[in-house]
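Visitor: my questions concern the predicted model and sequence given below.
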Amino acid sequence: MGNPDPNLLVNYYHPEDPENPYKLDVFFYKDDLRGRNDVCNYQRICYALSTMLFLDQMVFAQFWASIDFKSAHVTVLSTRGQPFGLSTYTNELWSYRIKCLDHNSYVNHDTKLCIGLPGRVFLNKYPEWTQDVSKYNDISYPQLNDAKRSNIRGSLAMPVFDGDACIGVLEFVMTNLKEDFSHEMSKVRKALEEVGLKSVILNENINCDISKDYSSLVESPNTTKSSRKSKSCNVTCNDITKLFGMPKADAAKICGLTDNTLTKVQRRYGIDVWPCVRNGVAKSSAHNALERERAYHTSSDETRKIERINCLLMHDNDINFEEDLVDKHMDYLISNDGKRLGEQHDEGPNPVLLEVYHHKNKRSRI
């Protein structure tokens, strides 16, 4: 398939048009492929993403790779340093990508505990989708508030298998409400099969909007707010430090707080000094689990295990490629046709410069 018509976006006015599907511009870190044990799967995911076509104009896709801690019987899924794709560059979609870097997903194979959408899909081995992410609660979908700020609506997550082993999860989000993902699931499955990977068949999927088994994942209008006691139970000062590991002004903005209320929050959670991180990003990727420990039915031992694993992850060079995104942006994101998409946007975060994956060289890359 040739490069996309650069005039296609200019002439496109409808949210869906089967005659004018959108392909993804796929990006990866060319300097970080050397020495990767999973380089073959990494490249296969790149190629599969580059061949997918979508009916929606605003689609963002990213791969959550599985990282096994066999001694602890735990799998963590991270999107740091993994391929991602955009059908159209917007500040909102890019912002969602940045925020997802702070959210690892967690699976405990002994207790069957999972945190986050990728972890749930990895554990259940079935796709999960919703027409509107606002129907989730922020326990089942930790990046809910980030998604809302980025105008994310429809969501699809599909497990990816190499043989019988699940190697990760592909996540797709879009700015449109989506009532049926059968087209997307079919395209994803075929693209994966083309590179020797696979997902599940189409009738094996979970719509969290209607599934009785998944009713706990969805916000209930009768849900009451947890008390202060339950929110802070078994959460240490170090946990809160990781949770609020960001500049004071950013923390206040995200929490909807004015400057004079920060000291009250510090006293409430027993924080002596408001924690800061040099790069300006929270380093705990299980912070929602730590904040709502009782809601997850997570024991103190389980919480400490999450902390230890996240400490290991944050020192793992293989998944820490995007550590400096907040402070050290390159100027533009380069598309397949060489167009500098960043030139169209004067505000918001600028993407780091990545090399576009050109799927024309399929045989030499895979």
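Guide: Now that the structure is in, tell me what you want to look at. Residues are numbered from 1 along each chain as shown.
Visitor: is residue 170 in a bridge, and if so with what?
Guide: When assigned by DSSP bridges, residue 170 has beta-bridge partners residue 63, residue 158.
Visitor: report pLDDT for it.
Guide: On the pLDDT scale, residue 170 is placed at 97.
Visitor: again with residue 291
Guide: As predicted, residue 291 sits at a pLDDT of 43.
Visitor: please apply the same query to residue 259.
Guide: Model confidence at residue 259, expressed as pLDDT, equals 47.
Visitor: for the one 10 residues further on, same thing?
Guide: You'll see residue 269 listed with a pLDDT of 46.
Visitor: cool, and residue 223?
Guide: Residue 223 carries a pLDDT value of 42.
Visitor: the one 4 residues further on now?
Guide: Taken from the predicted model, the pLDDT recorded for residue 227 is 38.
Visitor: likewise residue 88?
Guide: Residue 88 is given a pLDDT of 86.
Visitor: list the buried residues of stretch 140-155.
Guide: Residues of stretch 140-155 classed as buried: 140-144, 146-147, 150-155 (neighbour count, 16 or more other CB atoms under 10 Å). Just so you know, the C-beta spots here come from the backbone N, C-alpha and C atoms, and that holds for glycine as well.
Visitor: out of those residues, what pair is the most spread apart?
Guide: Taking CB to CB as the measure, these span a maximum distance of 20.0 Å, between 140 and 151.
Visitor: pLDDT check: weakest of the buried residues of stretch 140-155?
Guide: Ranked by pLDDT, the buried residues of stretch 140-155 bottom out at residue 140 (85).
Visitor: sec struct for it, please.
Guide: What DSSP: H, G, I helix; E, B strand; the rest coil gives for residue 140 is coil.
Visitor: that one and residue 116, how far apart?
Guide: Noted for residue 140: a distance of 8 Å to residue 116, by CB to CB, to the nearest Å.
Visitor: so which of the buried residues of stretch 140-155 is the closest to residue 181?
Guide: Out of those, the member with the shortest distance to residue 181 (by CB to CB) is residue 154, at 7.5 Å.
Visitor: excluding its backbone neighbours, what's nearest the closest one?
Guide: Of all residues not flanking residue 154 in the chain, residue 178 sits nearest, at 3.1 Å (CB to CB, 6 or more residues apart in numbering).
Visitor: so how many other residues sit close to the one you found?
Guide: For residue 178, the tally of surrounding residues (other CB atoms under 10 Å) stands at 23.
Visitor: ok, residue 180 next?
Guide: 11.
Visitor: for residue 137, same thing?
Guide: With other CB under 10 Å as criterion, residue 137 counts 17.
Visitor: any idea how far it is from residue 199?
Guide: The gap separating residue 137 from residue 199 is 26 Å, by CB to CB.
Visitor: one step back: does the residue nearest to residue 154 touch residue 131 like I think?
Guide: Yes - contact criterion CB atoms under 8 Å: residue 178 and residue 131 qualify, at 5.0 Å.
Visitor: shared neighbours of the two, which are they?
Guide: Taking CB atoms under 8 Å, 6 or more residues apart in numbering as the contact rule, the neighbours common to residue 178 and residue 131 are 153, 154.
Visitor: which residues touch residue 110?
Guide: Residues near residue 110 by CB under 8 Å, 6+ apart: residue 73.
Visitor: which SS state does it fall under?
Guide: Following three-state DSSP, residue 110 is assigned to coil.
Visitor: buried residues of stretch 176-184, list them for me.
Guide: Per 16+ other CB under 10 Å, stretch 176-184 contains these buried residues: 176, 178, 181, 183, 184.
Visitor: stretch 189-202 too?
Guide: Neighbour count says stretch 189-202 has 189, 191, 192, 195, 197, 199 buried, by 16+ other CB under 10 Å.
Visitor: any weak-confidence spans in the stretch 151-300 of the chain?
Guide: Residue ranges of the stretch 151-300 of the chain with pLDDT under 70: 201-300.
Visitor: repeat the analysis, applying 50 as the threshold.
Guide: Counting by pLDDT under 50, the stretch 151-300 of the chain contains low-confidence residues at 212-213, 215, 220-247, 251-257, 259-262, 265-266, 269-297.
Visitor: residue 183 reaches residue 53, doesn't it?
Guide: No - using CB under 8 Å, residue 183 is not in contact with residue 53; the gap is 9.2 Å.
Visitor: correct me, but residue 95 touches residue 149?
Guide: Yes - shown here, residue 95 and residue 149 form a contact pair, counting by CB under 8 Å, at 7.1 Å.
Visitor: distance check, residue 141 against residue 120.
Guide: Distance, residue 141 to residue 120, using CB to CB: 9 Å.
Visitor: joint contacts of these two?
Guide: In contact with both residue 141 and residue 120: no residue, using CB under 8 Å, 6+ apart.
Visitor: thank you kindly, that will do.
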